[in-house]
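[1] Next come a sequence and a model predicted from it.
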Amino acid sequence: MNKQTSLFSNIKGDFSAGLVVFLIAVPLCLGIALASGAPLFAGMISGIIGGLVIGFLSGSQLSVSGPAAGLTAVVLVAITKLGAFDVFLLSVVIGGAIQLILGLIKAGTVANYFPSNVITGMLTAIGIIIILKQLPHAFGYDADSEGDFNFIQVDGENTFSALLSTINHISLGATLITIISIFIILYWSKIPKLNVVPAPLVAVITGILLNTAFSGSELLALGSNHLVSLPVAGSFGDFVNQFTLPNFSAITNKDVWITGITIAIVASVETLLNVEATDKLDPLKRYTSPNRELKAQGIGNMVSGLIGGLPITSVIVRSSANINAGGKTKLATMTHGALLLVCTALIPVLLNKIPLATLAAVLLVTGYKLCKISIFKEMFKNGKYQWVPFVVTVVAIVFTDLLIGIALGMVVSVLAILRGNMKSSYYFRKEKYHTGDSIRLELAQEVSFLNKASILLTLDHMPENITLVIDAHKTAYIDFDVLQTIREFKDIKAPQKNIKVILTGFKTVYNIQNTPDLSVEEQSRLNSPQVHTISSGNHKELLKELQLN
């Protein structure tokens, strides 16, 4: 299949995926708006713009954008500080304009520096968070709003205390709906001819029918607080009146600009991370231009702010649901946006019959696919330099939030790279000749100041009465401090221990002289493969050997 999939190449699969994402998006849009202290309709606006405007402009075929869960705290504080929602909307417009500028100046290339182990850790952590956050909804405990993915929740509880509270608030009706819905999602598509209808849609319809059947039972019936709660307009005029325009008279307010800059930075980072993660999940392994994505997000946020919506980012929960449901092109994203618009305007009453337990079932399956045990096994097999940053990212995101977790994962990943660089300053061979032992140090291609400590330690532990060959033929760069360390050892320390130092392969730019007029035997030491090698390895192995002696 061509990786540059055309818009209408997968109509059936994309419409099905768009429908699934739409069903998930409704409670997420409402929950994020509620957690942000904004009108519920604002969440729906941002979902619609994320699907239609950003979906159309984005270069990503699979990324789905909507209200930003990572900005809920920022939005909540900003609305309170600015004093009015329409003033806050001006900040959203400004934030979008800044994002557009960032895209135009190609600032999105920073996304190319996100390590893959951190991105995988982010995806896995989000899968775990989805499961932990949806379990209360699955059992009928809906105290926390949908879309709240932070460890410390808006209702004052944390992720784990909410799970404990769920034990005392289990709804038998919600639990039955969840179990039946999960069963349908897992097995419906495996039945020939029935898989024409998307399994999540069947689960949603079944959930509505079950809750209707439960309505006569006090034990099983679900109240309105356990159902989707979309705002219902009495007339077309009431629907139009839900749109809010920004207050441009506040353009000189310093806090408006500070909030706008904050939105631009946080939304851009979150978007770039999520788009990178979505590309990683893409079965066709397509690449999304980060600069085009920033421009699309900027325009989308400007439109959202102009008509009363919340800040928008790419959302990995929706994007992964899109991929799992069979989405292949941006038609799925745009379908989800169109369905949000049509259903919000025409049939909100019908959507309000959907049990949150059914949607929790859809998200639980999505979450599981993101954090399967096989992912942990694969990362562990890749070695500690992949495993440690991965685990740190997972744990940090689960116990804090997305951006803090990513930042910690990045720091650990950089430290791991630096540590690895320190360990690979040279390769050694300990060789035996009839005239005595020789140690040969072959310097790595890049020898930075980080390698100074290991090289200094190695030279200080050299035994007496040997020949030491330091070979720089493979180097492209040697730090000044390292060169100075080698000079001092050759001129001062080596003579004190009767060590003969042979320098070879050092470039003129290093300003250090290679050993001239090598004897025939010394030439053979440098060039002959017919040498008895006693031991070889990296600097850590040599140091261990030298220190033992």
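    Looks like it came in fine. Numbers count the residues shown, from 1 in each chain.

[2] What is the lengthiest helix in the chain packed up against?
    Selection of the longest helix in the chain by residue count, based on DSSP state H, yields helix 254-281. Helices and strands touching helix 254-281, as assessed by 3 or more Cβ pairs under 8 Å, 6 or more residues apart in numbering; DSSP states H and E, comprise helix 72-82, helix 85-104, helix 116-138, helix 290-307, strand 312-314, helix 316-324, helix 402-423. In short, each C-beta sits where N, CA and C put it, glycine included.

[3] And those, which one averages the lowest pLDDT?
    Of all these, the segment with the smallest mean pLDDT is helix 402-423, scoring a mean of 83.

[4] what does that helix rub up against?
    With contact meaning Cβ atoms under 8 Å, 6 or more residues apart in numbering, helix 402-423 is reached by 69-70, 114-115, 117-118, 121-122, 125-126, 149, 266, 269-270, 273, 384-385, 388-390, 392-400, 446, 448, 450-451, 453-454, 538-540.

[5] if we can go back for a sec, now the longest helix of the chain against helix 316-324, angle please.
    30 degrees (axes from the mean of the first three to the mean of the last three Cα atoms, to 10 degrees).

[6] Leu339 versus Glu446, what's the distance?
    According to Cβ to Cβ, to the nearest Å, Glu446 and Leu339 sit 53 Å apart.

[7] actually Ser413, not the one I wrote
    Looking at Ser413 against Leu339, where the rule is Cβ to Cβ, the gap reads 39 Å.

[8] Ile79: what's it in contact with?
    Residues in contact with Ile79 (Cβ under 8 Å, 6+ apart) are 36-38, 85, 88.

[9] Of those, just say which sits nearest to Lys377.
    Minimum separation from Lys377 among the contacts of Ile79 (Cβ to Cβ) is found for Ser36, which lies at 38.1 Å.

[10] In this structure that closest one contacts Gly309, no?
    No: between Ser36 and Gly309 no contact is recorded; they are 11.2 Å apart, counting by Cβ atoms under 8 Å.

[11] For those two, list the residues in contact with both.
    Once Cβ under 8 Å, 6+ apart is applied, the residues that Ser36 and Gly309 both contact turn out to be 42-43, 67.

[12] before we move on, back to that, which parts of the longest helix of the chain are buried?
    Of all the residues in helix 254-281, those buried under the rule 16 or more other Cβ atoms under 10 Å are 256-257, 259-260, 262-264, 266-279, 281.

[13] Tell me which entries of the shared contacts of Ser36 and Gly309 lie within helices.
    With helices identified by DSSP H, the entries of the shared contacts of Ser36 and Gly309 that belong to them are 42-43.

[14] Report the buried members of the shared contacts of Ser36 and Gly309.
    Neighbour-count burial within the shared contacts of Ser36 and Gly309 applies to 42-43, 67; the criterion is 16+ other Cβ under 10 Å.

[15] circling back: have a look at Glu446 and Leu339 and say which one is more surrounded.
    Between Glu446 and Leu339, counting by other Cβ atoms under 10 Å, Leu339 is the more crowded of the two (22 against 15).

[16] now the helix or strand hosting the more buried one and helix 316-324, what's the angle there?
    Element membership for Leu339, per DSSP states H and E: helix 331-346. Between the direction of helix 331-346 and that of helix 316-324, the angle (the same axes, to 10 degrees) works out to 120 degrees.

[17] How far does helix 331-346 sit from its chain's centre?
    Computed by Cα atoms, centre = their mean, to the nearest Å, the chain-centroid distance of helix 331-346 equals 26 Å.

[18] And the helix or strand following it, what's buried?
    Read in the C-terminal direction, the helix or strand following helix 331-346 is helix 348-351, with elements assigned using DSSP H and E. Across helix 348-351, burial judged by 16+ other Cβ under 10 Å covers 348, 351.

[19] which regions of the stretch 401-549 of the chain sit below the pLDDT cut-off?
    In the prediction, the stretch 401-549 of the chain carries residues with pLDDT under 70 at positions 420-425, 431-436, 517-549.
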